[in-house]
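>>> Structure here, sequence nowhere to be found:
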């Protein structure tokens with residue numbers, strides 16, 4: 001009997017020791033940064049980033065900095081991407097597909113984003129698990145070397161920028177052909193020109209439940225939401241006209257100097273919550289003077305950032321990839337190749 005008990009105890013000890021042994025180390029792989037599989041993953045990552053950005057502009061993929069792929073137990077792989085992006089001229093509220101958006105020219109003081117992305121590849125489908133991005137404009141020194149006469153970006157809370165937006169929005173409301181008075185959602189860009197003296201601004205707007213007449217009568221107006229929501233994105237040039245010894249007069253000349261694109265947002269669209277994020281704040285942009293959770297440049301030389309954790313984001317069908325068998329010694333050798341990273345620029349370097 002004692003011998004039987006000893007054997008049972010010995011078996012339990014051995015079993016406990018076996019289960020406490022660590023798993024064998026995970027063997028990862030290092031694909032080239034321009035590998036078609038990685039380019040496909042980058043496209044899916046960019047779609048996720050653009051659909052979760054609350055302010056500013058849509059971005060496009062520019063270059064892959066680094067890639068690492070690790071096996072995931074019991075199945076699948078985890079992909080880590082370090083990628084560069086560039087700002088386009090499409091506001092995040094615009095329904096225009098990012099493929100149809102123009103990349104912001106360097107002469108307009110381009111903005112670059114740096115993103116770290118974690119993805120799951122399981123049974124041929126990609127799923128974004130998390131993203132962390134920060135963005136910043138090209139340096140003023142580089143802009144001046146490239147284009148000495150180009151106007152650099154100004155802080156969004158600069159009085160001249162804010163006054164120019166107020167003037168341009170008043171001009172739009174006075175002449176717009178809709179039945180709604182529009183309110184400011186956010187200022188997204190501001191630049192000054194000295195010859196002629198003018199301020200170039202870009203800003204997002206939203207329709208209220210008031211007509212222009214009701215707004216002028218100081219009725220209690222509020223931005224419409226849900227199925228009644230209407231949004232717009234405006235670009236304007238506001239000229240400064242000296243008035244003798246008096247204050248400078250801001251003037252919006254005719255000839256379509258204020259141009260606004262008005263578009264509807266579908267109920268349930270991922271950006272419909274942006275309205276609530278802005279309502280009542282009356283701020284130029286959350287990127288002014290402090291770090292924010294958003295992929296938008298900060299004009300005060302502080303990096304703005306965007307972070308999302310997306311456990312519930314639907315998986316996206318990947319391009320066909322070759323299924324890999326269980327890793328053995330023969331498979332380790334291909335991982336020893338010199339990884340080709342970073343990858344090529346799709347647009348231009350900043």
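All right, it came through fine. Everything quoted here is computed from the prediction, not taken from an experiment. Residues are numbered from 1 along each chain as shown.
>>> helices and strands of the chain: which one bottoms out on pLDDT?
Every helix and strand in the chain was compared by mean pLDDT, DSSP states H and E; the lowest is helix 329-332, with a mean of 43.
>>> the domain parsing of the chain - what is it?
22-150+287-350, 157-284 (automatic domain parsing).
>>> Low-confidence stretches in the stretch 201-350 of the chain?
In the predicted model of the stretch 201-350 of the chain, residues 242-256, 265-337 satisfy pLDDT under 70.
>>> And the strands in the protein?
57-71, 77-91, 111-122, 125-137, 182-194, 197-207, 230-241, 249-251, 258-264, 304-309, 316-317 (DSSP state E).
>>> Could you export these as TSV, including distance to residue 98 and mean neighbour count?
Every residue, glycine included, has its C-beta placed from N, CA and C. Shown next, in TSV, are the strands of the chain (distance: least, Cβ to Cβ, whole Å; neighbours: other Cβ atoms under 10 Å):
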stretch	distance to residue 98	mean neighbour count
strand 57-71	5	21
strand 77-91	7	22
strand 111-122	13	21
strand 125-137	15	20
strand 182-194	16	21
strand 197-207	17	23
strand 230-241	14	20
strand 249-251	34	14
strand 258-264	15	16
strand 304-309	15	19
strand 316-317	15	14
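>>> I'd like the ones you listed laid out as a markdown table, including distance to residue 168.
Shown next, in a markdown table, are those (distance: least, Cβ to Cβ, whole Å):
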| stretch | distance to residue 168 |
| --- | --- |
| strand 57-71 | 18 |
| strand 77-91 | 15 |
| strand 111-122 | 22 |
| strand 125-137 | 22 |
| strand 182-194 | 10 |
| strand 197-207 | 6 |
| strand 230-241 | 3 |
| strand 249-251 | 9 |
| strand 258-264 | 5 |
| strand 304-309 | 24 |
| strand 316-317 | 39 |
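>>> mind checking which of those is nearest residue 161?
Residue 161 lies closest to strand 182-194 among those, at 3.4 Å (Cβ to Cβ).
>>> I'd like to know which elements that closest one is packed against.
Counting contacts by 3 or more Cβ pairs under 8 Å, 6 or more residues apart in numbering; DSSP states H and E, strand 182-194 packs against helix 159-175, strand 197-207, helix 273-278.
>>> which of the residues in the longest one are buried?
Residues 160-169, 171-173 are the ones in helix 159-175 that count as buried (16 or more other Cβ atoms under 10 Å).
>>> Mind listing residues that contact it?
154-156, 181-182, 184, 187, 190, 192, 199, 201, 203, 205, 212, 215, 234, 236, 238, 250-252, 258, 260, 284 (Cβ atoms under 8 Å, 6 or more residues apart in numbering).
>>> if we go to 7 Å?
154, 181-182, 184, 187, 190, 192, 199, 201, 203, 205, 212, 234, 236, 238, 250, 252, 258, 260, 284 (Cβ atoms under 7 Å, 6 or more residues apart in numbering).
>>> Check stretch 338-350 too.
Under Cβ under 7 Å, 6+ apart, the answer for stretch 338-350 is 30, 32-34, 61-67, 86, 103, 106, 110, 112, 138.
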